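K.L.:
quick one: sequence plus predicted model below, questions after.
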Number of protein chains: 2
Amino acid sequence: MNNTTLAKELDLNPATVLEMVRKLAVKKLVQILSDKSIRLTEKGEKKALLIIRKHRLWEVFLTEKLQYNWNEVHVLAEQLEHIESVDLVDRLDAFLKFPTVDPHGDPIPDKNGNLKIKTTISLDKALIKKNYTIVNLADTNDIFLQYLGELKIKPGIKLKLLNRNEYDATVSVIISKKTLQLSNKVAKNILLELVN
Amino acid sequence: MNNTTLAKELDLNPATVLEMVRKLAVKKLVQILSDKSIRLTEKGEKKALLIIRKHRLWEVFLTEKLQYNWNEVHVLAEQLEHIESVDLVDRLDAFLKFPTVDPHGDPIPDKNGNLKIKTTISLDKALIKKNYTIVNLADTNDIFLQYLGELKIKPGIKLKLLNRNEYDATVSVIISKKTLQLSNKVAKNILLELVN
DNA sequence: ATTTTTTATTTGGTTAACCAAATTTTTAAA
DNA sequence: TTTAAAAATTTGGTTAACCAAATAAAAAAT
């Protein structure tokens, strides 16, 4: 990761980013390598993971308890993740019955900042006639998520891949007993786990 | 309310408070009267009430859903009240089944910022042999709240006043079939509502 | 190996939120 | 009504988070 890219991503001036990165370096949260690229230290990574934990737990709360749509929760969770209290997060975790993934299917780090990543295949590369569970979505684009919402496609849902069109790589899948056609673009962004 | 008092309450320099108050005046949230005292405008009052609403709803959430003790929730709720989303608050309200009071017994304003205040009597002035419900506690001191916690005294609990000692105004009350002696100081801070 | 382009860094600002100390105004007391 | 005390205000700072423009350094292209 380099300064300019970061600046663009955060929509900040590179001078600002440089200043910030230096402060983070003083706090030993990031390391500035000899080629001037930036990376998290172990300490920084852990802190980041604990913030991700908060974020994702609040997302679960918002969807499961407050009936939010999974594509609406990100902005709110960005606010909630700033709440400073380890204890609160752990209680929230317990209240939500220790969920392992957020509403998008992304794994939730545990209280030590460890997260277990599932090995997934995207639907466009999945095997014909096999059963899968949707575990995640690779694109967070709103229109995409909304489209999936209409089709009732979300993490946790099971599907079977029927066939893949030779010409345009459109896939046919069975989801809750109905057959659906999904474009290759969509299929690429649906991540699956094989059902044993 | 005057500047110096406010400054002490907020633990800020009077110069800072003056600056802030002026900014709030520009936003028409406070009014600076001719004698230089400060008061909320209607707009300011409504905004304040909506923040109180958030604060108290989060307090209910923390105690009822995350099993926090009612004397631990204030600090956390102060953080949570900064979350900016009217919709979120309304959903939280619904999720909590539209509570009317917070864990301390203070009323929760509705979504328009209206709150209905109960007329209460403090236990030290209550009538002998009458049945009351505890609706609120006038002191937020930690030791006081902890003491009450040990005695299982909290808003919602019913009690009957048996008698008041002539000498030191200690009161005898029955709470869940047990007789308790409470000092005048304590009695003064327990607010009651007559049970019809 | 130069030149061009991209990236990093420095420099000199701004604004918001704060403060301490000095000064002015108001209020209360003598 | 003059004086003492308290409160309000002004003045001149600081720090943190930002920026734009200039310069330096590194990488890529010729």
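P.N.:
Right, received. Where do you want to start?
K.L.:
wait, isn't A:Gly113 in contact with A:Leu50?
P.N.:
Yes: between A:Gly113 and A:Leu50 there is a contact under CB atoms under 8 Å: 5.4 Å. Bear in mind the C-beta positions are built from the backbone N, C-alpha and C, glycine included.
K.L.:
just checking, what packs against the single longest helix found in chain A?
P.N.:
Ranked by number of residues, the top helix in chain A under DSSP state H is helix A:42-64. For helix A:42-64, the elements it packs on are helix A:73-80, helix A:86-95, judged by 3 or more CB pairs under 8 Å, 6 or more residues apart in numbering or on different chains; DSSP states H and E.
K.L.:
end to end on stretch A:80-87, go ahead and measure it.
P.N.:
Distance between the two ends of stretch A:80-87: 14 Å, counting by CA to CA, to the nearest Å.
K.L.:
quick one: distance of it to the chain centre.
P.N.:
Distance of stretch A:80-87 from the chain centroid (CA atoms, centre = their mean, to the nearest Å) equals 19 Å.
K.L.:
same question for stretch A:2-11.
P.N.:
21 Å.
K.L.:
re the thing from before, mind putting the helices and strands packed on helix A:42-64 in JSON lines, mean neighbour count and distance to A:Asn163 included?
P.N.:
Shown next, in JSON lines, are those (neighbours: other CB atoms under 10 Å in any protein chain shown; distance: least, CB to CB, whole Å):
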{"stretch": "helix A:73-80", "mean neighbour count": "18", "distance to A:Asn163": "34"}
{"stretch": "helix A:86-95", "mean neighbour count": "16", "distance to A:Asn163": "41"}
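K.L.:
save those helices as a markdown table, and put in distance to DNA strand D and mean pLDDT too.
P.N.:
A markdown table is the format used below for those (distance: least, CB to the nearest atom of the strand, whole Å; pLDDT from 0 to 100):
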| stretch | distance to DNA strand D | mean pLDDT |
| --- | --- | --- |
| helix A:73-80 | 14 | 94 |
| helix A:86-95 | 21 | 97 |
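K.L.:
adding distance to DNA strand C, write the ones you listed out as JSON lines.
P.N.:
What follows is the helices and strands packed on helix A:42-64, written out as JSON lines (distance: least, CB to the nearest atom of the strand, whole Å):
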{"stretch": "helix A:73-80", "distance to DNA strand C": "17"}
{"stretch": "helix A:86-95", "distance to DNA strand C": "23"}
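K.L.:
so what's A:Lys158 bridging to?
P.N.:
A:Thr133 (DSSP bridges).
K.L.:
for the nearest residue to A:Ala126 once chain neighbours are set aside, what are phi and psi?
P.N.:
Leaving aside its chain neighbours, A:Ala126 sits nearest to A:Leu161 (4.9 Å; criterion: CB to CB, 6 or more residues apart in numbering or on different chains). Main-chain dihedrals, A:Leu161, degrees, to the nearest 10: phi -90, psi 120.
K.L.:
so what's A:Leu161 up against?
P.N.:
With contact taken as CB atoms under 8 Å, 6 or more residues apart in numbering or on different chains, A:Leu161 is in contact with A:Leu123, A:Ala126, A:Leu127, A:Ile128, A:Lys129, A:Lys130, A:Tyr132, A:Val171, A:Ser172, A:Val173.
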